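**Q** dropping the sequence and predicted coords here.
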Amino acid sequence: MKNLRIPFTAFTLAIASILAQPVQAQQDWAPAATDYPAVKVPAGLKSEPIINSPSKAYFRTRLREGSSQGTNFGGHYALLQWGCGDGCTTFFIVDELNGRVYEPGFNLTAPKNGSDETFGFQYRPDSRLLVMEGCHSNFAGSCGKYYMLWTGSKLETLVREPLTTTIAAVGGMQ
């Protein structure tokens with residue numbers, strides 16, 4: 001029985017290392033805008049945003065002005081963003097086909113002592129992928145780079161790359 005223990009242990013380690021390889025490859029994967037194309041719609045769409053909640057009413061002027069600029073995200077959506085304080089951005093998504101306004105439910109904030117390179121949004125008119133870099137809702141543990149997929153009614157996290165600098169780990173939020 002002792003003679004079988006060493007080969008069995010070696011076999012188990014070999015299988016574990018083989019199974020771990022696909023996981024490593026997935027961790028290195030970063031979604032691309034071209035992986036999530038948006039439905040093509042006519043250019044120049046503009047729809048009056050529907051103001052049907054207190055938070056939307058509070059931002060009605062910004063929603064109307066931003067929506068009047070037309071689509072800039074996900075085919076027929078307008079992603080609207082504006083500052084909500086030092087190192088803070090709030091955003092809404094307006095469907096330019098029907099005027100529906102979607103609230104993400106959180107602000108994007110900059111890590112304490114973070115640079116402009118570690119804070120903000122990346123998106124394209126022809127893709128449903130939204131890349132956000134910063135912290136969710138002023139919480140240091142949430143800092144990172146988020147690859148978010150717009151489903152047509154909400155954002156779903158595809159991949160999160162945690163912020164690896166000591167800014168978030170030690171400094172916390174502003």
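**A** Done, it's in.
**Q** what does the model give the most centrally placed residue in the chain for pLDDT?
**A** By CA atoms, centre = their mean, the mean C-alpha position of the chain lies nearest to Met148, the distance being 3.6 Å. Looking at Met148, its pLDDT stands at 96.
**Q** per-residue pLDDT, Ala110?
**A** We have a pLDDT of 85 for Ala110.
**Q** phi first, then psi, for the residue lying closest to it once chain neighbours are set aside.
**A** The spatially closest residue to Ala110, leaving aside those adjacent along the chain, is Gly87, at 3.5 Å (CB to CB, 6 or more residues apart in numbering). Bear in mind the C-beta positions are built from the backbone N, C-alpha and C, glycine included. Backbone torsions for Gly87, taken as degrees, to the nearest 10, come to phi 70, psi 30.
**Q** Gly87 against Leu108, yeah?
**A** No: counting by CB atoms under 8 Å, Gly87 does not reach Leu108; the two are 9.4 Å apart.
**Q** find residues that contact each of those two.
**A** Between them, Gly87 and Leu108 share these contacting residues under CB atoms under 8 Å, 6 or more residues apart in numbering: Phe119.
**Q** name the residue in these two with the higher neighbour count.
**A** Leu108 (24 against 20; other CB atoms under 10 Å).
**Q** is the residue nearest to the centre of the chain in contact with Ser127, as I believe?
**A** No: at 11.3 Å, Met148 and Ser127 do not qualify as touching, with contact defined as CB under 8 Å.
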